[in-house]
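Student: Attaching a predicted model along with its sequence, questions to come.
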Amino acid sequence: MVLGRLQTITDPAERAQLEHRAAEALRQGELVILPTETVYGLFGSAAHPEAVHKLSRLTIQDYCKCPPIRFAWLPHSLAAVFAAVPIRWARHRRLMRRLLPGPVRFHLQLDPAAMDRTLRTIGVAPGVLDKDGDLQVRVQSHPVTQRVIESAGVPVVANRLAAAGWSPDRSPAAALADGKAAEAGVAVVLDDGPAMFGQQSTLISLNDRGGYHIEQEGAYDSRMIDKHTRLRILFVCTGNTCRSPMAEAIARHLIAEAEETSPVDAEITVVSAGTSAASGSPASPQTDAALRALGVEPHNHTSRPLTRQLVAESDVIYTMSEWHRDGITALDPSAANRTSLLDPAGQDVPDPVGLPQEVYNQTAARLYELVEQRLTELDVLGDTTPGEESR
């Protein structure tokens with residue numbers, strides 16, 4: 001058995017060699033112990049019947065509570081999940097994007113045809129990952145294990161060490177005691193110090209109607225999960241009377257249209273503000289006229305200044321110009337990765353203030369296209385049809 005205590009190894013080449021050895025062991029159908037952000041796990045290849053048999057044999061049946069044992073699939077990335085599994089509902093995709101990689105397992109329900117396609121894409125035989133149309137997926141966030149799984153190039157399953165009776169499993173110490181892991185046939189153990197959370201991942205069930213519920217709390221409690229279901233979008237311009245109110249009204253309009261056919265569980269909030277705005281001013285008459293020309297009913301807008309609190313409370317921030325983006329990052333540097341120009345091409349949206357109504361109309365039409373594009377990227381404008389795979 002190879003034991004690598006990564007926290008004591010500073011040579012990148014030596015660390016890479018140990019990760020390579022763990023990946024090779026998985027390819028050969030051997031078991032390895034790897035760290036995750038929650039606990040340490042016993043990993044094997046789902047494509048090797050002998051590895052699955054070993055994992056099953058080592059798992060305490062009373063611990064699993066659901067014989068025959070159903071393992072979670074652990075791909076190296078969320079992109080691999082979307083490439084293999086048809087996720088029909090936009091709200092499910094949003095939730096997965098916000099929580100994965102992370103200390104969460106998703107329990108999915110698939111019809112027989114979708115399950116068959118999924119298993120063939122993953123490369124596993126029926127009955128290894130699935131049970132009665134159910135599948136569990138977990139994308140853990142420990143970088144060492146992500147690299148090992150990606151390098152192995154085989155579908156990987158795992159159970160926490162406590163499921164084999166090796167507890168506590170915040171570290172591999174219990175598995176190493178008295179040669180237990182070696183006796184069980186574990187080929188490689190990568191020890192990277194105590195796991196961050198020291199408790200199991202949270203299990204979230206996604207139903208076929210677009211809803212979800214928490215089956216089992218773990219590293220994330222229900223409040224943390226509920227927080228991740230909310231999405232707050234902020235549009236920013238200068239005075240908050242022309243461009244950002246247009247963008248806000250258009251976004252509300254598009255989301256409301258989408259909700260008519262696909263009501264959402266998540267709370268989506270859209271607001272706007274101005275870097276040099278005064279409080280309480282209405283949108284300009286030209287702004288309201290330009291919106292109505294597009295079939296968008298203006299809301300009862302009053303301007304608000306951009307504040308640090310407003311920035312901190314927003315999940316996604318879109319600005320009309322580079323200058324506005326710079327102002328936001330100066331106000332709160334931590335918002336840099338949440339702040340983008342509204343135009344994905346990196347072009348500013350010029351201020352129409354003081355110009356003819358036709359310029360306002362042109363600005364509103366451009367904003368409609370840009371907002372629709374950004375909301376589509378955020379996956380808030382509708383769901384795929386049953387059985388359609390989202391990529």
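Tutor: Alright, I've got the coordinates. This one's a predicted model, so the numbers in the text were calculated from it and none came from an experiment. Numbering: from 1, shown residues only.
Student: Quick check: residue 252 touching residue 300?
Tutor: No. Using C-beta atoms under 8 Å, residue 252 is not in contact with residue 300, being 11.7 Å away. C-beta coordinates here come from the backbone N, C-alpha and C atoms, glycine included.
Student: Neighbour count: the two, which is higher?
Tutor: residue 252 (20 against 6; other C-beta atoms under 10 Å).
Student: Skipping its backbone neighbours, what lies nearest residue 190 in space?
Tutor: Leaving aside its sequence neighbours, residue 190 sits nearest to residue 4 (C-beta to C-beta, 6 or more residues apart in numbering; 5.0 Å).
Student: what sits opposite residue 212 in the beta ladder?
Tutor: Beta bridges link residue 212 to residue 206, judged by DSSP bridges.
Student: Let me know how buried it is, in neighbour terms.
Tutor: By the criterion of other C-beta under 10 Å, residue 212 has 20 neighbours.
Student: Could you give the number of residues near residue 246?
Tutor: 34.
Student: Check which element follows the strand or helix carrying it along the chain.
Tutor: Using DSSP states H and E, residue 246 sits in helix 243-261. Using DSSP H and E, the helix or strand that follows helix 243-261 in sequence is strand 268-274.
Student: who touches the next helix or strand after that following strand?
Tutor: Later in the chain than strand 268-274, the nearest helix or strand by DSSP H and E is helix 285-293. Outside helix 285-293, the residues that touch it by C-beta atoms under 8 Å, 6 or more residues apart in numbering are 241-242, 245-246, 249-250, 297-298, 352, 357, 360-361, 363-364.
Student: how about a cut-off of 7 Å?
Tutor: Contact with helix 285-293 is made by 241, 242, 245, 246, 249, 298, 357, 360, 361, 363, 364, as judged by C-beta atoms under 7 Å, 6 or more residues apart in numbering.
Student: By neighbour count, which of the residues you listed wins?
Tutor: Neighbour-wise, the contacts of helix 285-293 (other C-beta under 10 Å) top out at residue 246, 34 neighbours.
Student: Which of the three states applies to the residue nearest to residue 190?
Tutor: strand (DSSP: H, G, I helix; E, B strand; the rest coil).
Student: before we move on, back to that, lowest-confidence one in the contacts of helix 285-293?
Tutor: Note: of the contacts of helix 285-293, the lowest pLDDT belongs to residue 298, at 94.
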